[in-house]
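Colleague: Dropping the sequence and predicted coords here.
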Amino acid sequence: MENYEIQKADGKLGVLIVGLNGAVSTTFLAGIFAIRKGFSIPIGSLTQMGTIRMGKRSDNNFPLIKDFVPLTSIDDLVFGGWDIRDETCYESATYAKVLNEKDLNNISEELNAIKPMKGVFDQYYVKRLTGDYIKEGKNKYELMTKLREDIKSFRQINSLERVVVIWAGSTEVFIAQKEVHNKYESFLNGMKNNDPDISPSMLYAYAAVAEGVPFINGSPNLSVDVPAIVEFATDNSVPVAGKDFKTGQTLIKTVIAPMLKMRLLGLNGWFSNNILGNRDGEVLDDPESFKTKEESKLSVLDTILQPELYKELYSEYYHKVRINYYPPRGDNKEGWDNIDIFGWLGYPMELKINFLCRDSILAAPIMLDLILFADLAKRSNMKGIQEWMSVFFKSPMHSENIVPEHDLFIQMMKLKNTLRRLMNKAPITHLDSNGVKHNIEEYENYD
Ligand SMILES: NC(=O)c1ccc[n+]([C@@H]2O[C@H](COP(=O)([O-])OP(=O)(O)OC[C@H]3O[C@@H](n4cnc5c(N)ncnc54)[C@H](O)[C@@H]3O)[C@@H](O)[C@H]2O)c1
């Protein structure tokens with residue numbers, strides 16, 4: 001077994017957020033500052049509150065993940081980023097109305113101190129947004145170069161050891177993978193020729209990878225998920241991960257669907273409806289941005305249910321996802337799922353799920369985990385697509401020759417076994433050494 005050597009998490013880790021002034025980003029930042037000041041604890045964060053089992057169940061050894069793997073402390077994070085409005089994070093958090101006045105006032109000084117750098121933006125890619133705080137350049141290559149300069153100066157000014165870039169910006173219009181995305185050379189030429197299939201989110205991804213900085217994509221945009229940038233990341237020893245934070249309805253879908261398949265219950269239809277009133281909801285009200293989100297939300301069921309293997313159960317179900325912009329609800333999204341299933345002798349049954357959630361409250365801890373794990377991956381010399389982080393994404397990036405893993409519990413097992421492997425510990429296979437008579441001594445450790 002190859003031994004991994006992990007560089008220590010010493011010094012400061014810079015976190016550059018694209019969409020710094022959005023609801024998710026400001027809720028994330030507010031939470032970090034509140035936690036640092038002792039007003040709260042990191043609820044929802046795997047890296048901060050999750051445990052990992054070591055050895056046999058009877059060993060009763062469950063260290064905290066943050067004590068098991070060397071992660072950067074949240075006290076050592078330094079924040080910056082880009083947006084298209086010249087506002088402090090306090091002003092934007094007040095606008096987003098995710099958090100109440102009292103919670104924001106506790107950390108107003110910290111939020112007021114953070115302002116974005118000018119973003120790279122073009123309304124062609126996000127129809128419902130306007131902004132005048134944007135970079136200018138003669139072509140996309142020049143704009144990307146300006147983003148690289150931002151990363152360099154952020155690193156230098158703040159004396160950072162390492163940097164991570166995370167996209168928590170808006171969902172762009174749907175872009176299909178084309179020739180220009182396939183090869184490094186074609187992508188480079190595409191940037192110089194202002195190819196319309198190269199969107200701003202791809203420029204941020206390319207700039208990060210060129211600077212040797214991990215890039216995480218929290219939206220469904222194609223962004224870093226194109227062969228040219230993935231190949232560039234692998235060659236440049238940079239970890240990348242995406243797409244689309246798995247926070248609400250899809251999180252539930254990837255728990256319920258594996259259960260139906262495990263019990264061999266059939267599916268006639270799955271109707272997922274949402275009402276949402278924040279700026280993300282407004283952006284997704286544009287059919288072209290919605291298509292990007294729809295693709296991401298629809299992909300999970302077929303991959304989990306495998307209709308090609310279970311024809312009688314899953315080859316004819318109707319799957320519909322709707323997102324309706326409804327301003328009164330703000331960030332408090334309501335998701336309804338109606339699931340029509342059938343069992344023994346084909347008798348029908350229904351399952352109804354009504355999730356009254358808070359979008360940014362669910363996404364904020366995921367941002368923290370992704371940032372810390374991406375930094376861990378970089379310090380462990382991992383490069384290219386980080387599939388072990390699939391548990392955090394609706395539409396996990398994967399290599400071209402395999403299907404993605406969507407089942408939440410398998411995803412978590414992959415993540416934890418990756419952490420065990422990184423720390424040179426044996427994976428846990430859940431084989432039962434009492435139930436199966438065998439002579440392979442090493443299995444006895446994995447009960
Ligand atoms: N639970 C969740 O909230 C959740 C789950 C999955 C994915 N997402 C995705 O996360 C992203 C952020 O969600 P949100 O609710 O914070 O949205 P938001 O509209 O509040 O924030 C997005 C921010 O991105 C900025 N922006 C857009 N294009 C930019 C560009 N090219 N450069 C720099 N800044 C840019 C906008 O000005 C805005 O401040 C969206 O893509 C959303 O679909 C959110």
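Modeller: Good, I have the coordinates. In this text the structure is predicted, and so the values were computed from the model without any measurement.
Colleague: drop to CA atoms for contacts and neighbour counts, all remaining ones
Modeller: OK.
Colleague: Near the ligand, which residues of this protein? Just list them.
Modeller: Residues of the chain lying close to the ligand by Cα under 6 Å from any ligand atom are 18-19, 21-25, 82-84, 119-121, 168-171, 200, 218-219, 244-247, 279-280, 359-360, 362-363.
Colleague: In helices only, show me those.
Modeller: 23-25, 200, 279-280, 359-360, 362-363 (DSSP state H).
Colleague: can you list the residues you listed in TSV and add pLDDT?
Modeller: Below are these laid out as TSV (pLDDT from 0 to 100):
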residue	pLDDT
23	96
24	97
25	98
200	98
279	87
280	84
359	93
360	96
362	97
363	98
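Colleague: Could you check how far residue 62 is from the ligand?
Modeller: 29 Å (Cα to the nearest ligand atom, to the nearest Å).
Colleague: quick one, phi psi at that residue?
Modeller: Torsion angles at residue 62 (phi, psi; degrees, to the nearest 10) stand at phi -130, psi 70.
Colleague: Same check on residue 337?
Modeller: Dihedral angles for residue 337 - degrees, to the nearest 10 - are phi -120, psi 130.
Colleague: What's the local residue count around residue 196?
Modeller: Neighbour count for residue 196, taken as other Cα atoms under 10 Å: 13.
Colleague: what about it, which SS state?
Modeller: coil (DSSP: H, G, I helix; E, B strand; the rest coil).
Colleague: Tell me the predicted confidence for it.
Modeller: What the model reports as pLDDT for residue 196 is 97.
Colleague: What of residue 447?
Modeller: pLDDT, read off for residue 447, is 48.
Colleague: helices or strands next to the strand or helix carrying residue 95 in the packing?
Modeller: Residue 95 belongs to helix 89-96 when assigned by DSSP states H and E. Under the contact criterion of 3 or more Cα pairs under 8 Å, 6 or more residues apart in numbering; DSSP states H and E, helix 89-96 touches helix 23-36, helix 101-105, helix 108-112.
Colleague: Between helix 23-36 and it, find me the angle.
Modeller: On the basis of axes from the mean of the first three to the mean of the last three Cα atoms, to 10 degrees, helix 89-96 is oriented at 120 degrees to helix 23-36.
Colleague: count of residues packed around the closest residue to the ligand within the stretch 101-250 of the chain?
Modeller: At 3.3 Å from the ligand, residue 169 is the closest residue in the stretch 101-250 of the chain, using Cα to the nearest ligand atom. Using other Cα under 10 Å, residue 169 has 24 other residues around it.
Colleague: Please name the residues that touch it.
Modeller: Residue 169 sits next to 18-20, 22, 218-219 when contact means Cα atoms under 8 Å, 6 or more residues apart in numbering.
Colleague: Most neighbours of all the residues you listed, which one?
Modeller: Most neighbours among the contacts of residue 169, by other Cα under 10 Å: residue 20, with 32 neighbours.
Colleague: just to revisit the earlier point, now do the buried residues in the helix holding residue 95.
Modeller: Residues 89-94, 96 are the ones in helix 89-96 that count as buried (16 or more other Cα atoms under 10 Å).
Colleague: Same check on stretch 313-320?
Modeller: 313-315, 317.
Colleague: Just the closest of the residues you listed to residue 419, please.
Modeller: Checking the buried residues of stretch 313-320 against residue 419 with Cα to Cα, the nearest one is residue 314 at 34.5 Å.
Colleague: still on that earlier bit, would you mind giving the helices and strands packed on helix 89-96 as TSV with mean neighbour count added?
Modeller: As requested, those are arranged in TSV below (neighbours: other Cα atoms under 10 Å):
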stretch	mean neighbour count
helix 23-36	23
helix 101-105	14
helix 108-112	17
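Colleague: Of all those, which one comes closest to residue 372?
Modeller: Judging these by Cα to Cα, what sits closest to residue 372 is helix 23-36, at 12.9 Å.
Colleague: Give me the distance from whichever helix or strand comes after the closest one to the chain's centre.
Modeller: Sequence order places helix 46-49 as the next helix or strand after helix 23-36, per DSSP H and E. Computed by Cα atoms, centre = their mean, to the nearest Å, the chain-centroid distance of helix 46-49 equals 16 Å.
Colleague: what packs against helix 46-49?
Modeller: Using 3+ Cα pairs under 8 Å, 6+ apart: helix 46-49 touches helix 65-68, helix 359-379.
Colleague: Tell me which two in the ones in helices among the residues of the chain next to the ligand are the farthest apart.
Modeller: Put simply, by Cα to Cα the two of those set farthest apart are 200 and 362, 25.7 Å from each other.
Colleague: Quick one: residues contacting residue 272.
Modeller: Shown in contact with residue 272 (Cα under 8 Å, 6+ apart): 249, 319-322, 335-338.
Colleague: Repeat the analysis, applying 7 Å as the threshold.
Modeller: The contact partners of residue 272, taken as Cα atoms under 7 Å, 6 or more residues apart in numbering, are 320-322, 336-338.
Colleague: now residue 223
Modeller: 201-202, 205.
Colleague: most neighbours, which of these?
Modeller: Busiest of the contacts of residue 223 [other Cα under 10 Å] is residue 205, holding 27 neighbours.
Colleague: hang on, the earlier thing: the helices and strands packed on helix 46-49: which one's closest to residue 152?
Modeller: It is, among those and with distance given as Cα to Cα, helix 359-379, at 17.1 Å.
Colleague: Work out the gap between the closest one and the centre of the chain.
Modeller: Helix 359-379 has its C-alpha centroid displaced from the chain centroid by 8 Å (Cα atoms, centre = their mean).
Colleague: outside of it, which residues touch it?
Modeller: In contact with helix 359-379 (Cα under 7 Å, 6+ apart) are residues 6-7, 23-24, 27-28, 44-47, 71-72, 164, 214, 238-239, 245, 247, 331-333, 392.
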